[in-house]
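Novice: Give me coordinates for this.
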Amino acid sequence: MRSLFVKIFLSFAAIILLSITIGGMWAYYNKPESPQLGLSNFASQSLNQYAAQAMGSYHSGGPAALQQYREGLRQEGIKLFFLIPAQQRQQIPPALHRLMRRALNQGQLVRSMRNRHPKIAMPLDERFRPAVAIGVVLPEFKGSAHPPHLLSPRFVVPRLLSLFLVGSIICFLLARSLTSPIRHLRTATRQFADGDLTTRVETGSLGSSEINQLGLDFNRMAERIEDLIISQKRLQRDISHELRSPLARLNVALELARQRAGNEASSALDRIEGESQRLNEMIGQLLSLNQLDIHQLEHRGHVELTPILEQLVADANFEAQHQGVRVILDQPQQLVVNGSQELLSRALENIIRNAVHYSHAGSKVTIHAEQDDKQNGKQGLTIRIRDCGPGVPSAELEKIFQPFYRVADARDRRSGGTGIGLAISERAIRRHGGTISARNHPDGGLEVVVQLPPG
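Specialist: Just a heads-up that it's a prediction; the model follows:
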């Protein structure tokens, strides 16, 4: 039972029902013998009459006459008893004996309706000595003759059901009022985590409660994060655009210097040209990264990935010849996904290039693609790209998809990478509703898993 709503609802319901049960039991067991005023007067007169007739029979005919009078009442279903101090206790039923003692102590008529045979007891004055109290056991009540407060199923069940229904409605409203703001906050948190930085929580109707304060804190946090991310993206975009102009002038100056310089400066100029090209590539990747974050995914459609993967593998094998690395592709005859062909091609190319770059000489890169099980009549896609490189520390597997992140040992700046390729792949795959993850393969190397949803 993990739902907060269910926990609160059942807690309120249990408290209310327990309170009703305890209150009802207390009321019933602490005042079960208090008769109504009319019934009390009638019962008092009846018991006085029984006592007077019984004592009259006793004084006129002795114990035999008293016994004969009691037998006459017994035939009518009424059992008559007297509490006489010298009389043995076992002659009176224990329950009635306790009731007679209670009547004697309280100095008033009392009754008990807990059993099937109601019992009534009353103290006697000096006229009826040696008896000090009288008690009777009445015939069993049947049908509608039950007194109103007797706990019969017909009396109890409808009232318990009514109390349960009313209590359930109250508990539902209380639990909903407490958990509704939390559900709104959870929805907003999910939307914010999915990339909607404009998500805010409506806190106007929550008053000054702690949940309202939490909503206000969430809104302040969301505004701060949104400002930071927008500023970061704007800074990257502006820097990338501003660097393009001096870089273009640098290339022009480089060509002029190459024409005027002799052979001695050619190696230095070649180095400058290589660094310039690398800087130009990095700027292009930065612009691509910003475009993936800002612009909507366009030119969606059914994409045949089979020829795209074949072309990417052919290009990768051509470029990896000098390293002695082979790229092996294992895929079905047809792979179809819904999305942008350009973005998917660029994302997979970056992953394959990265795998080739970090594979050991003479090793191989394996690419395995397959259609997933059908969902709603459509099939998703899973692509596994594994290299034979040094791998990545487990604590840093999720960080390699962040822009400019490098693992200290294997992916430093001397390796020649820019640290943006995998970030572009991650953004492109995520824009298609898919996921990308990395793990160290048990047989060595890094394995990148791309999963795309059904088209």
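
Novice: use CA for all of it now, contacts and neighbours both
Specialist: Will do.

Novice: Could you measure from Cys388 over to Ser363?
Specialist: 6 Å (C-alpha to C-alpha, to the nearest Å).

Novice: So for stretch 56-72, mean pLDDT?
Specialist: For stretch 56-72, mean pLDDT rounds to 81.

Novice: ignore the last one, stretch 436-454
Specialist: 90.

Novice: what's that stretch in contact with?
Specialist: For stretch 436-454, contacts defined as C-alpha atoms under 8 Å, 6 or more residues apart in numbering pick out 337-338, 351, 355, 359, 375, 378-392, 394, 397-398, 426, 429-430, 432-435.

Novice: Kindly report the same for stretch 62-81.
Specialist: Ala54, Met55, Ser57, Tyr58, Ile92, Ile134, Gly135, Val136, Val137, Leu138, Pro139.

Novice: one more time with 7 Å, if that's ok
Specialist: By C-alpha atoms under 7 Å, 6 or more residues apart in numbering, the surrounding residues in contact with stretch 62-81 are Ala54, Ser57, Tyr58, Ile92, Ile134, Gly135, Val136, Val137, Leu138, Pro139.

Novice: And the buried ones among these, selectable in PyMOL?
Specialist: Of the contacts of stretch 62-81, the buried ones go into a single PyMOL selection, burial set by 16 or more other C-alpha atoms under 10 Å:
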select buried, resi 54+57+58+92+134+135+136+137+138
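
Novice: Could you list which of the contacts of stretch 62-81 belong to strands?
Specialist: In this view, these that belong to strands under DSSP state E are Ile134, Gly135, Val136, Val137.

Novice: For the residues you listed, give me CSV that also has pLDDT.
Specialist: Putting these into CSV (pLDDT from 0 to 100) gives the following:
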residue, pLDDT
Ile134, 86
Gly135, 85
Val136, 86
Val137, 85
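
Novice: Find the pair from those residues with maximum spatial separation.
Specialist: Largest separation among these by C-alpha to C-alpha: Ile134 and Val137, giving 10.6 Å.

Novice: OK, contacts around the nearest residue to Ser359 once chain neighbours are set aside?
Specialist: Spatially, and ignoring its direct neighbours in sequence, Ser359 is nearest to Gly389 (4.2 Å; C-alpha to C-alpha, 6 or more residues apart in numbering). Going by C-alpha under 7 Å, 6+ apart, Gly389 touches Tyr358, Ser359, His360, Gly445, Leu446.

Novice: in which helix or strand would I find Gly389?
Specialist: Using DSSP states H and E, Gly389 falls within no helix or strand.

Novice: what about the helices in the stretch 51-200 of the chain?
Specialist: Under the criterion DSSP state H, counting those that start in this stretch, the stretch 51-200 of the chain contains helices at 94-106, 153-193.

Novice: Make TSV out of these and add mean neighbour count.
Specialist: Formatted as TSV, the helices of the stretch 51-200 of the chain follow (neighbours: other C-alpha atoms under 10 Å):
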stretch	mean neighbour count
helix 94-106	18
helix 153-193	15
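
Novice: which stretch in those has the least confidence?
Specialist: Among these, helix 153-193 scores lowest, at a mean of 77.

Novice: so the next helix or strand after that one versus helix 153-193, what angle?
Specialist: The helix or strand immediately downstream of helix 153-193 is helix 210-260, counting by DSSP H and E. Computed with axes from the mean of the first three to the mean of the last three C-alpha atoms, to 10 degrees, the direction of helix 210-260 lies at 20 degrees from that of helix 153-193.

Novice: Mind checking the pLDDT average for helix 210-260?
Specialist: Here helix 210-260 scores 77 as its mean pLDDT.

Novice: change the start of the numbering to 211 and stick with it
Specialist: With 211 as the first residue, the last one maps to helix 420-470.

Novice: Which strands or helices does it pack on?
Specialist: helix 476-504 (3 or more C-alpha pairs under 7 Å, 6 or more residues apart in numbering; DSSP states H and E).

Novice: one more time with 8 Å, if that's ok
Specialist: Applying 3 or more C-alpha pairs under 8 Å, 6 or more residues apart in numbering; DSSP states H and E, we find helix 420-470 packed against helix 363-403, helix 476-504.

Novice: May I see these organised as a markdown table, with distance to Leu228 added?
Specialist: A markdown table is the format used below for the helices and strands packed on helix 420-470 (distance: least, C-alpha to C-alpha, whole Å):
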| stretch | distance to Leu228 |
| --- | --- |
| helix 363-403 | 11 |
| helix 476-504 | 57 |
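
Novice: Among these, single out whichever gets nearest to Leu457.
Specialist: Closest of those to Leu457 is helix 476-504, at 7.2 Å (criterion: C-alpha to C-alpha).

Novice: Give the pairing partners of the following helix or strand past that closest one; include direction for each.
Specialist: Under the assignment DSSP H and E, the closest C-terminal helix or strand after helix 476-504 is strand 511-514. Counting by DSSP bridges, the strands paired with strand 511-514 are strand 546-549 (antiparallel).

Novice: I'd like the next helix or strand past the strand it pairs with.
Specialist: Immediately after strand 546-549, counting by DSSP H and E, sits helix 551-568.

Novice: mean confidence score for that following helix?
Specialist: So the average pLDDT for helix 551-568 ends up being 88.

Novice: the longest strand in the chain is where?
Specialist: From DSSP E, the single longest strand across the chain is strand 574-585.

Novice: who's in contact with it?
Specialist: By C-alpha under 8 Å, 6+ apart, the list of residues contacting strand 574-585 from outside reads 535-542, 545, 565-566, 569, 589-598, 664.

Novice: how many degrees apart are the following helix or strand past it and helix 551-568 in direction?
Specialist: Sequence-wise, the next helix or strand downstream of strand 574-585 (DSSP H and E) is strand 588-596. Here strand 588-596 runs at an angle of 20 degrees relative to helix 551-568 (the same axes, to 10 degrees).

Novice: from the chain's centre, how far out does the following helix or strand past strand 588-596 sit?
Specialist: Note on strand 588-596: by DSSP H and E, the next helix or strand toward the C-terminus is helix 631-641. Mean-position distance between helix 631-641 and its chain equals 31 Å (C-alpha atoms, centre = their mean, to the nearest Å).

Novice: helices or strands up against helix 631-641?
Specialist: helix 476-504, helix 551-568, strand 645-650.
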